[in-house]
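**Student:** Return a 3D structure for these sequence lines:
(one chain, ligands or ions: 1)
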Amino acid sequence: MDLGIAGKWALVCGSSKGLGLGCAKALVQEGVNVLMVARGEEQLQLSASKLIADYAGSTGASVLFCAQDITTEAGRAAVFAMRGDFDIVVTNAGGPPPGDFRDWDRDAWIKAVDANMLTPIDLIKATVDAMAQRGFGRIVNITSSSVKAPIDVLGLSNGARSGLTGFVAGVARTSLAAQGVTINNLLPGVFDTDRIKAVLEGNAKKTGQSVEALADARRKTIPARRFGNPDEFGAICAFLCSMQAGYINGQNVLADGGAYPGTY
Ligand code: NAP
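**Tutor:** Numbering: from 1, shown residues only. This next block holds a predicted model:
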């Protein structure tokens, strides 16, 4: 299916690896021009070069990159100095650390809220009015399945991302909707990325079990009996950004292999 978005410009945050890279890859495969953002320049440049080598030639898409911390005002200013207007914005940054809520002080909460709530809101604010004027816009926020089914040790994530989810539910239904702008959240369950590897390695050290044994136990909790892969996540993101998805707005789209046990 031709998604009808070739030639559009996308900002894809947190895209040197993992889910963000999966989204950037799927968009470039559709001929979308992409500006990739992450903090570490070396990995970002490697990933951008690979997308250019593998897909840009055949699709004609441009791939730019900007090594910045998207959760800072200075980082966002540097990104928008590189390019001001985007038709598509995928918001993403690292998730907050796990822990016990008794140990989190105000600074820990502010950091989580900044990264996982206020940064996406700022990116939405910076881009949606110009999208509306052009009559087309797609925002996809990478959040987490923990918004629907909270994970006890991820209280910082549960709280901050729920704040973003509430904001999106409101703003997606404003007059922007009639001007061709959709704003949706894409909720990963367990995907095979460095983040999950780090979580499993941390648990292995704590429990003395092997990483593979812990990964197997985790897979058994998922009806699909496997972790998701970033390419399939990227394909869902690209579809949410497509012309065909213009009537999907204000939704929380869960990709978790059936792990969430609820009816709705
Ligand atoms: P990942 O493999 O660790 O990749 C994270 C990407 O974001 C990297 O490119 C990283 O590069 C970049 N990044 C992190 N902080 C950034 C910042 N402040 N500014 C700019 N770029 C930043 O993680 P992932 O698994 O793809 O996860 C992406 C998001 O989904 C996270 O918020 C995570 O909590 C959430 N999530 C993931 C899963 C899963 O199963 N993977 C499940 C639920 C939720 P640099 O470090 O170089 O900046």
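
**Student:** use CA for all of it now, contacts and neighbours both
**Tutor:** Fine.

**Student:** For this structure, which segments count as helices?
**Tutor:** 18-29, 41-51, 57-59, 73-82, 106-113, 119-134, 155-171, 194-207, 211-220, 230-240 (DSSP state H).

**Student:** Rounded mean pLDDT for stretch 89-101, please.
**Tutor:** Mean per-residue pLDDT for stretch 89-101: 94.

**Student:** Correction: the previous question concerned stretch 222-238.
**Tutor:** 98.

**Student:** Between the two ends of that stretch, what distance do you get?
**Tutor:** Terminal residues of stretch 222-238 lie 24 Å apart, using C-alpha to C-alpha, to the nearest Å.

**Student:** swap in stretch 188-199?
**Tutor:** Termini of stretch 188-199 sit 15 Å apart (C-alpha to C-alpha).

**Student:** quick one: that stretch near the ligand?
**Tutor:** Yes - counting by C-alpha under 6 Å from any ligand atom, the ligand has neighbours in stretch 188-199: 188, 189, 190, 191, 192, 193, 194, 195, 196.

**Student:** Pull out the buried members of those residues.
**Tutor:** Burial by neighbour count, 16 or more other C-alpha atoms under 10 Å: within these this picks out 188, 189, 190, 191, 195.

**Student:** Might you report the residue contacts of residue 4?
**Tutor:** Going by C-alpha atoms under 8 Å, 6 or more residues apart in numbering, residue 4 touches 242, 243, 244.

**Student:** pLDDT, distance to residue 127 and neighbour count added to the residues you listed, as CSV?
**Tutor:** Listed next are the contacts of residue 4 as CSV, based on pLDDT from 0 to 100; distance: C-alpha to C-alpha, whole Å; neighbours: other C-alpha atoms under 10 Å:
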residue, pLDDT, distance to residue 127, neighbour count
242, 98, 17, 20
243, 98, 18, 16
244, 98, 21, 14
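
**Student:** tell me which of those residues is nearest to the ligand?
**Tutor:** Comparing these against the ligand with C-alpha to the nearest ligand atom places residue 242 closest, at 21.1 Å.
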